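K.L.:
build me a model:
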Amino acid sequence: MPYNHGQSEFASERKAVVIAIILFLNLILISSQIILKSRQSLLANIIANSANPFQIAFQKSSDFVVHEFQHYVFLKNVFKRYQILKQKYTEAKYQNYLLKSDLRRLQAIRQVQERGKTDDFVLVNCISVDPNFPFHSVIVDRGSRSGIKENMTALNLEGELVGRTVSPVSPFSATVRLITSSVGGAGAYIETNLLEGFLSGHDDSLCSFKYLITNKPVHKGDLVITSGTDLIFRPYIPVGRVVEMEKDVLTPKIWVKPFFVERSIKQLVLLR
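P.N.:
Residues are numbered from 1 along each chain as shown. Model prediction:
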């Protein structure tokens, strides 16, 4: 039989593979018997070191998931607490508004009484303002059935002049013409030097003195109060303060900003 060189080489390689496998198994058996200083066998230590990166990766992944879950739960609880606090804040703010409204009513009554104007007045609410002429007039929610009539003095809740009631007065509403109206105005004087004249409106936020011949200095910030010379408004009612002066040929022009322009007129006091 002829010699087959290929078969001989294949048989040799198979024997080498078998020998290598046997040697590897012996090495594993031997390493399993070798005890290291950590009281672990060499085989166990090799397996542990091989698995260590996977354990670290798994641990970090689980830690990340736990942290994100806790963070989500924490934020969810914080948001719930925020909603509860926001609701409580809104309720407290509304209660504060009601208390301030009651306080303003009491202050209006006290201020009117302290100034000795009258003990007979009506507290009314503003229900309408002409958007085209917001400084002309307003409508209030009381009328003749509540004793409202023409030429009643209207004050804000701080006891400062706003205007007067004008006709027509209906049973359930009335018109208050503001002192800033171009057909309104009031007799007034500057408190610091007693310069007196007629304060006229211009359908905007400022009024100006007419027929005021001044021989005394006027300064910005001077207080202006009613004089009573118009026979409509009672004297000594605060009106506003001087904000600007203009020189003219005969008489200077003195501009006054009424107090009510920068305050709320949702509620007014009508003096009978």
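K.L.:
measure the closest residue in space to Val166 that isn't next to it in sequence to Asp230 for me?
P.N.:
Using C-beta to C-beta, 6 or more residues apart in numbering and skipping the chain neighbours, the partner closest in space to Val166 is Arg177 (4.7 Å). The C-beta positions use only the backbone N, C-alpha and C, and glycine is treated the same way. Arg177 sits 13 Å away from Asp230 when distances are taken as C-beta to C-beta, to the nearest Å.
K.L.:
do the same with Ser167
P.N.:
Counting by C-beta to C-beta, the gap from Ser167 to Asp230 is 17 Å.
K.L.:
out of these two, which sits in the more crowded spot?
P.N.:
Per other C-beta atoms under 10 Å, whichever of Ser167 and Asp230 has more neighbours is Asp230, with 14 against 10.
K.L.:
so that one is in contact with Ile179, correct?
P.N.:
No. Judged on C-beta atoms under 8 Å, Asp230 makes no contact with Ile179 at a distance of 10.6 Å.
K.L.:
same question for the one helix or strand the residue nearest to Val166 maps to, mean pLDDT?
P.N.:
Here Arg177 is covered by strand 174-178, with elements defined by DSSP states H and E. Taken as a whole, strand 174-178 carries a mean pLDDT of 96.
K.L.:
stretch 187-203 too?
P.N.:
Taken as a whole, stretch 187-203 has an average pLDDT of 89.
K.L.:
pull out the buried positions in that stretch.
P.N.:
Gly187, Ala188, Tyr189, Ile190, Leu195, Glu196, Gly197, Phe198, Leu199, Ser200, Gly201 (16 or more other C-beta atoms under 10 Å).
K.L.:
can you redo those residues as TSV with distance to Ala154 and secondary structure?
P.N.:
What follows is those, written out as TSV (distance: C-beta to C-beta, whole Å; DSSP: H, G, I helix; E, B strand; the rest coil):
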residue	distance to Ala154	secondary structure
Gly187	16	strand
Ala188	16	strand
Tyr189	20	strand
Ile190	22	strand
Leu195	25	strand
Glu196	22	strand
Gly197	22	strand
Phe198	19	strand
Leu199	15	strand
Ser200	17	strand
Gly201	14	strand
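K.L.:
in the residues you listed, find the pair that's most separated.
P.N.:
Spanning the widest gap among the buried residues of stretch 187-203 are Leu195 and Gly201, at 19.0 Å by C-beta to C-beta.
K.L.:
how about the helix or strand containing Lys257: buried residues?
P.N.:
Taking DSSP H and E as the criterion, Lys257 maps to strand 253-258. Within strand 253-258, the residues scored as buried using 16+ other C-beta under 10 Å are Ile254, Trp255, Val256, Lys257, Pro258.
K.L.:
with stretch 158-178 instead?
P.N.:
For stretch 158-178, by 16+ other C-beta under 10 Å, it's 159-166, 169, 173-178.
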